[in-house]
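Novice: What would the 3D arrangement of this be:
(one chain, ligands or ions: 4)
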Amino acid sequence: MTVMLGVPQVRGAVGDSTGAAATQTSRPSNSRAPGLLDSYGRVASDLRISLTDKCNLRCTYCMPAEGLPFLPTSKLMQRDEIVRLARLATEQLGVRQVRFTGGEPLLRKDLVEIIRDVAALDARPEISLTTNAIGLSGRAAALAEAGLDRVNVSLDSICPETFAIITRRPFLERVLKGIDALGAAGIGHTKINAVLIPKINDTQGPELLEWALAGGHQLRFIEQMPLDADHIWNRDAMITAAEIRRRLSVRFDLTADEAPRDGAPAELYQVRLRGADPTSGSLGTVGIIASVTEAFCDDCRRTRLTAEGAVRSCLFSHTETDLLAPMRAGASDAEVADLWRGAMWAKPSGHGMSLDGFQQPDRPMSAIGG
Ligand SMILES: Nc1nc2c(ncn2[C@@H]2O[C@H](COP(=O)(O)OP(=O)(O)OP(=O)(O)O)[C@@H](O)[C@H]2O)c(=O)[nH]1
Ligand SMILES: C[S@@+](CC[C@H](N)C(=O)[O-])C[C@H]1O[C@@H](n2cnc3c(N)ncnc32)[C@H](O)[C@@H]1O
Ligand code: SF4
Ligand code: SF4
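Specialist: Ligands and ions are numbered 1, 2, ... in the order given. Here you go, the predicted structure:
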């Protein structure tokens, strides 16, 4: 049931998927564990479900200009299959948060219904969405009514020309309308995700932060990871967390937030105008998601399902465990849960980017489910 997608990462602990343990999905050693435990002792309580591999943007760090050979509808998880897996995960595997992502999850016509069904589960999880916000303006109210708790929106620039260069589409206005609609629909605490790209938007950090603070959003800057379709990511050229802090400091003073990070991907900072009294109230917070240079893999709580219903234990896994085919062939809940536990038992210790022999996954971020 485990599908090898490429060369496995180098790992060295018990249950390491580079060895025989990689195929131990039928009788995993942790099959009696209450949650999704990996062999390094991490328990996955955050589930990310990709609803589609399609997208209406073509962000340069994620999707090739010409798109990809997208999955036919028959291969995508259907609404009842998604809800069954969410029920299993929350009732039997200890999952507490479900995030819908993609590709672009708003492209799913049945998104409202999926969210309503998941919100009705006995062990209701927190339900969130990561989206580019195109088309959100017309659906935010329905999504809120269905039970959507939180939304993270990806927006790398508020300059229309820069936005169009990065996403290869001139749709900035639609994104901004979508973000505005969230507040009107009563979905608060919107987070904005921004990737800074050398020579494209790397000088725009302060203006993006000003815009986010004015709107009451929490902006998070994200280090670009080697998940681009063209495989041209270059660590030496990426904008690092240290560089982001340096560039923001031209206009702002950042003070590390004292609240415990608790496994969250973003390191948070209180923001004040440069030179302001450090005891004065802050303007808000900014986050930095330093997946590459300050990796947070040790505290990873993630498990993810691809749009075609396979478990990926890590964003950078080279193996996937198909749950959809067994489900369609009549597997019981207990059998599916065992397969899922087995997949997580083979989770790598981390992304391994600094290890010799690191290889980028074959699939880009949009096809994995970001
Ligand atoms: N290292 C790592 N980074 C990830 C993973 N999934 C997503 N990311 C990155 O984290 C960024 C933020 O992800 P979001 O989808 O907003 O979710 P999140 O930040 O985990 O969610 P909350 O903090 O709960 O709001 C994405 O834009 C990716 O760059 C992952 O599994 N591992
Ligand atoms: C793959 S997208 C899917 C959801 C939705 N389409 C969106 O853009 O929010 C999820 C997140 O992954 C991030 N992402 C995509 N490719 C990335 C890369 N190579 N490195 C870091 N983050 C990436 C995007 O910025 C986005 O915030
Ligand atoms: S980051 Fe999101 S919006 Fe951009 S191409 Fe990837 S899936 Fe689409
Ligand atoms: S790279 Fe893998 S181990 Fe690290 S935080 Fe992401 S999913 Fe978790």
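Novice: Please enumerate residues in contact with stretch 155-173?
Specialist: 56-60, 65, 132-134, 175-176, 179, 192-197, 200-201, 204, 207-208, 211 (CB atoms under 8 Å, 6 or more residues apart in numbering). For every residue, glycine as well, the C-beta is placed using N, CA and C.
Novice: Show me the residues you listed that map onto helices.
Specialist: Judged by DSSP state H, the contacts of stretch 155-173 include 175-176, 179, 207-208, 211 as members of helices.
Novice: and which of the residues you listed is nearest to ligand 3?
Specialist: Val175 (9.5 Å; CB to the nearest ligand atom).
Novice: Tell me the spacing between that closest one and Asp228.
Specialist: Distance from Val175 to Asp228, counting by CB to CB, to the nearest Å: 21 Å.
Novice: Asp180 now?
Specialist: 30 Å.
Novice: between those two, which one's more packed in?
Specialist: Asp228 (19 against 15; other CB atoms under 10 Å).
Novice: so where do the helices sit in the stretch 51-200 of the chain?
Specialist: Per DSSP state H, counting those that start in this stretch, the stretch 51-200 of the chain carries helices over the ranges 79-92, 111-119, 140-146, 160-167, 172-184.
Novice: near ligand 1, anything from stretch 131-148?
Specialist: No. Contact between stretch 131-148 and ligand 1 is absent, the nearest approach being 9.1 Å (criterion: CB under 6 Å from any ligand atom).
Novice: List the contacts of that stretch.
Specialist: Here stretch 131-148 makes contact (CB under 8 Å, 6+ apart) with 55-57, 101, 104-107, 111-113, 115-116, 118-120, 124, 127-129, 151-155, 167, 171, 174-175, 177-182, 184-187.
Novice: measure it end to end?
Specialist: This stretch, stretch 131-148, spans 13 Å end to end (CA to CA, to the nearest Å).
Novice: For it, give the mean pLDDT please.
Specialist: Averaged across stretch 131-148, the pLDDT comes to 98.
Novice: ditto for stretch 65-84
Specialist: Stretch 65-84 comes out at a mean pLDDT of 96.
Novice: same thing with stretch 39-54?
Specialist: Averaged across stretch 39-54, the pLDDT comes to 96.
Novice: go on, stretch 166-175?
Specialist: Here the average pLDDT along stretch 166-175 is 98.
Novice: same deal with stretch 92-112?
Specialist: So the average pLDDT for stretch 92-112 ends up being 97.
Novice: from the middle of its chain, how far away would it be?
Specialist: Centroid displacement of stretch 92-112 relative to its chain, using CA atoms, centre = their mean, to the nearest Å, is 11 Å.
Novice: And it, what's buried?
Specialist: Buried residues in stretch 92-112, defined by neighbour count with 16 or more other CB atoms under 10 Å: 92-95, 97-108, 111-112.
Novice: same question, stretch 67-83
Specialist: Buried, per 16+ other CB under 10 Å, within stretch 67-83: 68, 70-71, 76-77, 81-83.
Novice: Is stretch 36-54 in proximity to ligand 3?
Specialist: No. Using CB under 6 Å from any ligand atom, stretch 36-54 stays clear of ligand 3, coming no nearer than 8.5 Å.
Novice: Quick one: end-to-end distance for that stretch.
Specialist: Stretch 36-54: ends 28 Å apart by CA to CA.
Novice: cool, stretch 232-246 as well?
Specialist: Using CA to CA, one end of stretch 232-246 lies 25 Å from the other.
Novice: average pLDDT for it?
Specialist: Stretch 232-246 comes out at a mean pLDDT of 92.
Novice: near ligand 2 at all, it?
Specialist: No. Against ligand 2, stretch 232-246 shows no contacts by CB under 6 Å from any ligand atom, the least distance being 6.8 Å.
Novice: Check the secondary structure at whichever residue of the stretch 251-370 of the chain sits closest to ligand 3 for me.
Specialist: Closest approach between the stretch 251-370 of the chain and ligand 3, counting by CB to the nearest ligand atom: Ser366, at 4.1 Å. Here Ser366 is recorded as helix under DSSP: H, G, I helix; E, B strand; the rest coil.
Novice: hang on, the earlier thing: near ligand 2, which of the buried residues of stretch 92-112 show up?
Specialist: 101-102, 104.
Novice: Show me the residues you listed that map onto strands.
Specialist: Thr101 (DSSP state E).
Novice: Which of the ones next to ligand 2 among the buried residues of stretch 92-112 sits closest to ligand 1?
Specialist: Closest to ligand 1, out of all of these and judged by CB to the nearest ligand atom, is Thr101, at 5.8 Å.
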